[in-house]
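>>> my questions concern the predicted model and sequence given below.
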Amino acid sequence: MRHINVDQKKCKFDGICSAVCPMGIIELKDGATVPKLVARLEDLCITCGHCVAICPHGALSLDEMKVEDCPPLRADLALDSEQAEHFFRSRRSIRVYRDKVVEREKLARLIDMAHYAPTASNSQQVEWLVINSKGQLQDLAGMSVDMLRYLIKEGHPLAKAYKLERSVEAWEAGIDPVLRGAPVLVVAHAPKGYAMAQVDSGIALTFLDLAAPTVGLGACWAGFFMMAAAQWPPLQQALALPDGNACFGAMMIGYPKYDYHRLPQRKEAVISWRE
């Protein structure tokens, strides 16, 4: 059974924690000295931390989340709209990497940032596999190319749509069209039966993608690999994910070989307004 812990000396009984609780289980009864969880609904708490984060007085904690372990927001680190736009527009998919080992500490830092991505009902079921062995990456890329060969042989619509023959020819010429020679592959995986696994993994990997340049790294979604991981048994077996889990996204990581200097344009956003 979960509990909220309220410092009566700090609580102003303003009801903010109750207003933002996504499960609607924090109540403020008349005559009560502090907010409490609704009786018999305590186990509905998803430990999202909204109540801890929203209290301007630092009065509220959860059993699993002490207010002193949650640092305050820093106004000096907040991005303004111009900085945010530049940050998003400067993000590039990196497909050419330096021949340099990526430090485990940097990869751990990246994943630590990415794991703050939102998940459905705060379930936090996304897990990570980091592969930074050249030999293993070469084998995985080769298995992915085997699947491309199969799609070509079967006349699959994807073979024509993605011109897979060119990718196979590149591989046979010594060029890796799957993992682009990246030194690291990060795989997001989750339970197969979890309905929001694809969405949660995609959001988490997007956080990882955006965070990569902040530590001097570049990233790119591994589309061919993801395609193979979803349906090619040899590659699935080679990944050896925990029983019941499946790959729901993967990203190449490494030090970019080249720097970008401009912010390219995009198509205008297509917006339908209903007011």
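Happy to help now that I have it. Numbers count the residues shown, from 1 in each chain.
>>> now do the lengthiest strand in the chain: distance to the chain's middle.
When secondary structure is assigned using DSSP state E, the longest strand within the chain turns out to be strand 245-254. In terms of CA atoms, centre = their mean, to the nearest Å, the centre of strand 245-254 is found 10 Å from the chain centre.
>>> over to stretch 108-124?
For stretch 108-124 - counting by CA atoms, centre = their mean - the centre lies 6 Å from the chain centre.
>>> tell me where the stretch 1-150 of the chain has helices.
Counting by DSSP state H, counting those that start in this stretch, the segments of the stretch 1-150 of the chain that form helices are 16-20, 50-54, 81-89, 104-114, 134-153.
>>> who are the packing partners of the longest strand of the chain?
strand 184-191, helix 197-211, strand 218-221, helix 223-231, helix 233-239 (3 or more CB pairs under 8 Å, 6 or more residues apart in numbering; DSSP states H and E). In short, each C-beta sits where N, CA and C put it, glycine included.
>>> give me that answer again for 6 Å
strand 184-191, helix 197-211, strand 218-221, helix 223-231 (3 or more CB pairs under 6 Å, 6 or more residues apart in numbering; DSSP states H and E).
>>> what are the pairing partners of it, and which direction each?
Here strand 245-254 is paired, per DSSP bridges, with strand 184-191 (antiparallel), strand 218-221 (antiparallel).
>>> winner for burial among those strands?
The densest packing among those, expressed as mean neighbour count by mean count of other CB atoms under 10 Å, is seen in strand 184-191 with a mean of 24.
>>> using CSV, write down the CA coordinates of it.
Once non-C-alpha atoms are left out, strand 184-191 reads as follows in CSV (Å, rounded to 0.1, in the frame of the first residue of the first chain):
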residue,chain,number,x,y,z
VAL,A,184,27.5,1.3,-31.1
LEU,A,185,23.9,0.1,-31.5
VAL,A,186,21.4,0.8,-28.8
VAL,A,187,18.3,-1.4,-28.8
ALA,A,188,15.1,-0.5,-26.9
HIS,A,189,13.1,-3.6,-25.9
ALA,A,190,10.0,-4.3,-23.8
PRO,A,191,7.5,-7.1,-23.0
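>>> so how far is that strand from its chain's centroid?
Its chain's average C-alpha position is 10 Å from that of strand 184-191, according to CA atoms, centre = their mean.
>>> ditto for stretch 199-216
Averaging C-alpha positions (CA atoms, centre = their mean) puts stretch 199-216 5 Å from its chain's average.
>>> redo the helices and strands packed on strand 245-254 as JSON lines? Include mean pLDDT.
Shown next, in JSON lines, are the helices and strands packed on strand 245-254 (pLDDT from 0 to 100):
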{"stretch": "strand 184-191", "mean pLDDT": "98"}
{"stretch": "helix 197-211", "mean pLDDT": "98"}
{"stretch": "strand 218-221", "mean pLDDT": "98"}
{"stretch": "helix 223-231", "mean pLDDT": "97"}
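>>> and L164, which of the ones you listed is closest to it?
Comparing the helices and strands packed on strand 245-254 by their distance to L164 (CB to CB), the top pick is helix 223-231, with 8.7 Å.
>>> sorry, back to before: let me have the strands paired with strand 245-254 in JSON lines, extended by distance to A246.
Converted to JSON lines, the strands paired with strand 245-254 look like this (distance: least, CB to CB, whole Å):
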{"stretch": "strand 184-191", "distance to A246": "6"}
{"stretch": "strand 218-221", "distance to A246": "17"}
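>>> which one of the ones you listed lies closest to R95?
Set against R95 and scored by CB to CB, the strands paired with strand 245-254 come closest in strand 218-221, at 5.5 Å.
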